[in-house]
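>>> Here is my input, please return the structure:
(4 chains)
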Amino acid sequence: MAIQKVVGSFEAAVADIPDGAWLMIDGFAGPGGTPQNLIAALRDHGAKDLTIISNTAGLASVIGFGTVPGDRPIDIGVLVDNQQVKKVIASFPVSPSPSRPTSFEKAYKAGKVELEVVPQGTLAERIRAGGAGIPAFYTPTGAGTMMAEGREVREFEGREHLLEHALKADFALLRGHRADAIGNVVYRGTSRNFNAVMATAAEVTVLEVDEIVELGDLDPEGIHTPGIFVDRVVRIP
Amino acid sequence: MAIQKVVGSFEAAVADIPDGAWLMIDGFAGPGGTPQNLIAALRDHGAKDLTIISNTAGLASVIGFGTVPGDRPIDIGVLVDNQQVKKVIASFPVSPSPSRPTSFEKAYKAGKVELEVVPQGTLAERIRAGGAGIPAFYTPTGAGTMMAEGREVREFEGREHLLEHALKADFALLRGHRADAIGNVVYRGTSRNFNAVMATAAEVTVLEVDEIVELGDLDPEGIHTPGIFVDRVVRIP
Amino acid sequence: MTQERLDREIIAMRVARELQDGDVVNLGLGIPTLCSQFVPEGRTVVYHAENGVLNYGPMAEEGEEDADLTNAGGQFLAWVPGMAFFSSAESFAMIRGGHIDVSVLGALQVSERGDLANWMLPQRGIGNVGGAMDLAAGAKRTIVAMEHVDKTGAPKIVRECDFPLTGKGCVSLIVTDIAVLEITLGGLVLKETAPGWTPEEIQAETEPTLVIAPDLQEIVL
Amino acid sequence: MTQERLDREIIAMRVARELQDGDVVNLGLGIPTLCSQFVPEGRTVVYHAENGVLNYGPMAEEGEEDADLTNAGGQFLAWVPGMAFFSSAESFAMIRGGHIDVSVLGALQVSERGDLANWMLPQRGIGNVGGAMDLAAGAKRTIVAMEHVDKTGAPKIVRECDFPLTGKGCVSLIVTDIAVLEITLGGLVLKETAPGWTPEEIQAETEPTLVIAPDLQEIVL
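The predicted structure is shown next:
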């Protein structure tokens, strides 16, 4: 039987996400790379007590940040609003401006969600480690700061480093540009950001993509996420 | 001044490699990916007491292994023959068949070169760590084997792991397919193997390539080694 | 019934039956490489080679050899649609990260608890570890395909490996030229025999004591 | 001579003089972003943004905005030849691995030994660390571009940071709206002053004791 990873609807692609799941969801400073349709489907699906690993905790409620004027993209802020989120692990959890709090910041201050702040590079590397079978690694990032609290500190070449542990998830919700039926994926421009690394670190990796192409249409030299990392692909209508 | 990384000759590209240098040189099971011209230039240059980090210690003297019949490609075996090598760090240091020893195996048995055998994935990951600013990481590979000797053993999730340290080099000698003047590089097929990761972990990264193209000719989505990792590019005539 | 040792192709054919539809499979040098020819019809297997290619297909035709397209053993592959290339670091991230379903490896020795020794003959004093330790540690399932005894007739399935180990407790199934054996918590279980071989004859060529499967049968191909 | 504070463009212009031909540079949000407009003629600087792009050029023209091409602050970039895209894991491998020559960051506080605090206002109780800690730890050189004092007039250059740290001892140069200061083993050295400002006046807005450079001069643009 030929491998076939294309799924017909966003709804079907997220239907088995249980309450309490750990999710990786892409989100950067703007809508580029954010799986807006899968997030909307997860909102409608309603799974609760989610732990979300993401670069941000949702910035769309801050108008104009990486967004074309007039557009109000969907991001994980809608899951926070819908009270589906238990905890966020992120590097950029709030608005750059204290006077314009996001949904997440309000929920956090009301004690409704937990937060683990992780330096962006450490976040990316912990996810990479999760996908690469490395349970833990040492990094200079954050040594001598709050990030060292509760972490093992060890010197290499006379410099302090922190021991950081791998992150994995049950599901990754991601956004690609083009995919084929066996799940090979390419991203476009800076939308690759956390998508490519998150694709490696989840039990079930789901992508929404602009286009499904024939096998062989993607340049084999330029595939960013080989199909073995991908479980489901949904075309954005 | 525009950035210009193209160098006119293999000789010039290796001229400043000093005695005692640490080198990363690509070499897999066949000539694909091996920088044959740079190796030949280094042989003629004559630097001695070299420590070479490579997947193999030279297999070209074993006829027919990944090689088109009649062809006898150059690999780091010629540096061993020329007594320039002090030590090799490799995963596949000898011929698959004991009855067909390579130059390296003969030199090793004669006590003329040192060897550190490293599992191939650990070798790749140690080089990646060298390029990525990770001084050390834990891996399950090699736990409970000879590779654990002299290494810290630590349990994660009930399983033994070894602490492995980053590898870096003074120079990397590599082979690409196409490059532009600012040093963006793409590889071809399975020749990417260790080339792409070694490019990140050396002070000076030198590539021989089939073709130099105009800026903008390489697909920005498909660049395997961005120019910031590359110092010198030489076109194969 | 004549008692014969199975040839390499038959061993590979038996291993191939273990490969499930959609499995990501890494085949080692030697007998394992042959498995790809015998995957049962209707199953699609995704091949991974540790030098950085996925979804490769058949070997290259004569005259079509391309140095930039080989498997990890230096054999030339054909260009087929759907392939993806990547670096060694990414390739072993796949292996170590548990993204390979089945690794098929050769062996010098396998212990009754599934310890694997396949990278160094002690008398040579030097060996090629290659990707074997990473595969042993990282693949979800490791199958050994080998001859049951070595060239001197000594058992390769032993109580304890005395050759340098590749990995501890990593092997789950052994397919040899006379038997199929499963490593379980309850011991080394003889599941299938080559035509004409009795359990006693297989035991005689095996160092640890065999547990005979209740459903012991002749090898299924 | 009138004593004025330099505006943000002039601060950025002064920082830009530090960028050498061929440098790989990461510019933070705010004043640092402005630096790219002022790189001295004849120098080519390679820009890195931590969301995964190298060799980017100017901002996108109005109407040409593309959600798939932004810098790390969400500003739209133009498509230019020579760009390379990569994942966040690779992007921070570049940063942590020492492949970025200069990081230009804003700051809430900088200590006399070069400790940097720029990610969290304690009174907010929550903050965005983003890539700042990685840049502080990984870039070969960190330059701070900021106003000399905060909105209440309190010094931002302090003996010890009391805001949460981004990195220890990472800052080597501070460019403010009234001075250029270098952090050296011999102390915090006042190198340049804004037009009309005396060392005493700058000292009055600076908590640690300044070392006056023997070649102290008016700011060079």
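
>>> now the closest residue to A:E116 other than its chain neighbours: how far from D:I95?
The spatially closest residue to A:E116, leaving aside those adjacent along the chain, is A:I89, at 4.5 Å (CB to CB, 6 or more residues apart in numbering or on different chains). Yep, even glycine has a C-beta here, placed from its N, CA and C like the rest. Using CB to CB, to the nearest Å, A:I89 is found at 20 Å from D:I95.

>>> again, but for C:L27
Distance from C:L27 to D:I95, counting by CB to CB: 38 Å.

>>> Who are the contact partners of A:A143?
Taking CB atoms under 8 Å, 6 or more residues apart in numbering or on different chains, we find A:A143 in contact with A:153, A:159-162, D:137, D:168.

>>> Count the residues that sit near A:D16.
Residues contacting A:D16 under the criterion other CB atoms under 10 Å in any protein chain shown number 12.

>>> meant to ask about C:P214, not that
Count around C:P214 with other CB under 10 Å applied: 6.

>>> Just confirm it is within a strand.
Yes: under DSSP: H, G, I helix; E, B strand; the rest coil, C:P214 falls within a strand.

>>> for A:I223, what are its contacts?
Contact analysis of A:I223 by CB under 8 Å, 6+ apart lists A:184-186, C:84-86.

>>> switch the cut-off to 6 Å
A:184, C:84 (CB atoms under 6 Å, 6 or more residues apart in numbering or on different chains).

>>> Which PyMOL command selects the buried ones in the contacts of A:A143?
To isolate the buried members of the contacts of A:A143 in PyMOL, using 16 or more other CB atoms under 10 Å in any protein chain shown:
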select buried, (chain A and resi 160+161+162) or (chain D and resi 137+168)
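
>>> which of the contacts of A:A143 lies closest to chain B?
Proximity of these to chain B (CB to the nearest CB) peaks at A:H161, which lies at 6.0 Å.

>>> between A:I89 and D:I95, which one's more packed in?
Comparing A:I89 with D:I95 by other CB under 10 Å, the one with more neighbours is D:I95, at 27 against 23.

>>> Burial check on the closest residue to the more buried one other than its chain neighbours, number of neighbours?
Residue nearest to D:I95 in three dimensions, not counting chain neighbours: D:G138, with 4.2 Å by CB to CB, 6+ apart. Using other CB under 10 Å, the number of residues around D:G138 comes to 28.

>>> Going along the chain, name the strands of the chain.
Using chain A. Residue ranges of the strands in chain A, as given by DSSP state E, are A:22-25, A:50-53, A:85-90, A:114-117, A:136-139, A:153-156, A:159-165, A:169-180, A:185-186, A:202-213, A:232-235.

>>> that's the wrong chain, I wanted chain C
Ranges of strands in chain C, per DSSP E, are C:24-27, C:46-49, C:53-54, C:84-85, C:102-105, C:109-111, C:116-117, C:141-145, C:157-158, C:171-175, C:179-184, C:187-193, C:211-218.

>>> Helices of chain A, residue ranges please.
Secondary structure of chain A (DSSP state H): helices at A:10-14, A:36-45, A:77-81, A:103-109, A:120-132, A:195-198.

>>> who wins for proximity to chain C among those?
Chain C lies closest to helix A:120-132 among the helices of chain A, at 3.5 Å (CB to the nearest CB).

>>> quick one: buried residues of stretch C:177-190?
Buried residues in stretch C:177-190, defined by neighbour count with 16+ other CB under 10 Å: C:177-183, C:188-190.

>>> and which of these is nearest to chain D?
Nearest to chain D out of those is C:I183 (CB to the nearest CB; 36.3 Å).

>>> what residues are up against that closest one?
C:114, C:171-172.

>>> same question, A:F28
When contacts are counted by CB under 6 Å, 6+ apart, A:F28 touches A:55, A:193, D:51.

>>> among these, which are within reach of chain B?
Among the contacts of A:F28, no residue lies close to chain B (CB under 6 Å from any CB of the partner chain).

>>> Of these, just the buried ones, PyMOL syntax please.
Applying 16+ other CB under 10 Å to the contacts of A:F28, the buried members can be selected in PyMOL as follows:
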select buried, (chain A and resi 55+193) or (chain D and resi 51)
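
>>> nearest to chain C, of the contacts of A:F28?
A:N193 (17.3 Å).

>>> Correct me if wrong: that closest one contacts D:A49.
No: if you go by CB atoms under 6 Å, A:N193 and D:A49 don't touch, sitting 10.0 Å apart.

>>> where does chain C have its least confident helix or strand?
Counting by mean pLDDT, DSSP states H and E, chain C has its least confident helix or strand at helix C:31-34, which shows a mean of 94.

>>> ok, the residue lying closest to C:Q203 once chain neighbours are set aside - contacts?
Among residues not flanking C:Q203 along the chain, C:L210 sits closest, at 5.2 Å (CB to CB, 6+ apart). By CB under 6 Å, 6+ apart, the contact list for C:L210 reads C:188, C:190, C:203.

>>> Contacts made by stretch A:85-92 with the rest, please.
For stretch A:85-92, contacts defined as CB under 6 Å, 6+ apart pick out A:49-57, A:79, A:113-116, A:118, A:120, A:123, D:128-130.

>>> What distance do you get for C:M83 to A:R154?
Here C:M83 is placed at a distance of 41 Å from A:R154 (CB to CB).

>>> Same question for C:T70.
Look at C:T70 and A:R154: by CB to CB, they are 40 Å apart.

>>> Do you know the pLDDT at the spatially most central residue of chain A?
Nearest to the geometric centre of chain A sits A:I25, at 2.6 Å (CA atoms, centre = their mean). A:I25 carries a pLDDT value of 98.

>>> Also A:E211?
Note on A:E211: pLDDT of 98.

>>> That one: neighbouring residues, count only.
13.

>>> Show me the beta-bridge partners of the residue nearest to it when sequence neighbours are not counted.
With CB to CB, 6+ apart as the criterion, A:E211 has its nearest non-adjacent residue at 4.7 Å, and that residue is A:R178. On the basis of DSSP bridges, A:R178 is bridged to A:V186, A:E211.

>>> Surely A:R178 and A:I212 touch.
No: A:R178 is beyond contact range of A:I212, at 7.7 Å (criterion: CB under 6 Å).

>>> Between the two, tell me which one has more neighbours.
A:R178 (18 against 15).

>>> List the contacts of the more buried one.
By CB under 6 Å, 6+ apart, the contact set of A:R178 is A:186, A:211, A:213.

>>> Same question for C:L69.
If you count contacts by CB under 6 Å, 6+ apart, C:L69 has them with B:189-190, C:77.

>>> Over to A:L218?
Contacts of A:L218 (CB under 6 Å, 6+ apart): A:180, A:184.

>>> Check it and give its pLDDT.
Looking at A:L218 specifically, the model assigns a pLDDT of 97.

>>> Now it. Its backbone dihedrals?
phi -80, psi 140 (degrees, to the nearest 10).

>>> dump the residue contacts of residue 147.
Here I'm looking at chain A. Contacts of A:M147 by CB under 6 Å, 6+ apart: none found.

>>> not quite, I wanted chain C
Applying CB under 6 Å, 6+ apart, we find C:E147 in contact with C:D177.

>>> where does it fall, phi/psi-wise?
Dihedral angles (degrees, to the nearest 10) for C:E147: phi -70, psi 150.

>>> Just want to check the distance between it and D:I143.
Distance, C:E147 to D:I143, using CB to CB: 66 Å.

>>> Spatially nearest residue to residue 140 (excluding sequence neighbours)?
Picked chain A for this. Among residues not flanking A:P140 along the chain, D:A137 sits closest, at 4.4 Å (CB to CB, 6+ apart).

>>> look at chain C instead
Spatially, and ignoring its direct neighbours in sequence, C:K140 is nearest to C:D101 (5.2 Å; CB to CB, 6+ apart).

>>> got a list of what the one you found touches?
C:D101 makes contacts with C:23-24, C:140, as judged by CB under 6 Å, 6+ apart.

>>> run the last query once more with 7 Å
C:23-25, C:140-141 (CB atoms under 7 Å, 6 or more residues apart in numbering or on different chains).

>>> what stretches of the chain score poorly on pLDDT?
You didn't say which chain, so I picked chain A. Low-confidence segments of chain A (pLDDT under 70): A:1, A:61, A:63-72.

>>> Can you look at chain C instead?
Looking along chain C with the criterion set at pLDDT under 70, you get C:1-2.
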